[in-house]
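J.: 3D, please:
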Amino acid sequence: MIGLIIATHGNSSVELIKGAEMFAGPLSQCRAWTLNPGDDIQKGEQMLEELDQEEGVLIMADLFGGTPSNLATKIALRKENVETVTGVNLPMIIQFVTERETQTLDELVESCIETAQDGIKCPTKIMKERR
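T.: Model prediction:
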């Protein structure tokens, strides 16, 4: 099973996992990497070692160029079969957990990005256009 690390500034990764579990039930092989001032890469590397079952690990980070993204990318560049995507959101996580047993890591990266982008809408504008 492909593992998942959600890396964010502060505790938002914990809350994203809780939200995803409301839709998908308990998330196995998934960890929240909460980064606070002074944290370093060691916690993420430890999580990766725990989660890697030879099928790969995807690290979803909150903000491109932020510390979680930078540390996740540093890890991914040093390890085989580890990828990083940024802009983590609930649709992306749900896509991951529903497809991780039928898709490869590379396929998951693409489908998670597509799902995240497709989930960005302005409901008020859509409703006004339908009037």
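
J.: which residues of the protein fall in helices?
T.: With helices called from DSSP state H, the chain shows them at 12-24, 42-51, 67-78, 90-99, 105-118, 123-130.

J.: Can you give me the separation between residue 6 and residue 128?
T.: Residue 6 sits 34 Å away from residue 128, going by CB to CB, to the nearest Å. Where C-beta positions appear, they are placed from N, C-alpha and C, glycine not excepted.

J.: With residue 49 instead?
T.: From residue 49 to residue 128 the distance is 50 Å (CB to CB).

J.: one step back: out of the helices of the chain, flag the one nearest residue 35.
T.: Nearest of the helices of the chain to residue 35, taken as CB to CB: helix 67-78 at 5.0 Å.

J.: Off-centre distance for that closest one?
T.: Mean C-alpha position of helix 67-78 versus that of the full chain (CA atoms, centre = their mean, to the nearest Å) differs by 13 Å.

J.: and what of stretch 117-131?
T.: 25 Å.

J.: Equivalent analysis for stretch 19-38, please.
T.: Once both centres are worked out by CA atoms, centre = their mean, stretch 19-38 turns out to sit 9 Å from its chain's centre.

J.: Go through it and flag the buried ones.
T.: 20, 27, 29-35 (16 or more other CB atoms under 10 Å).
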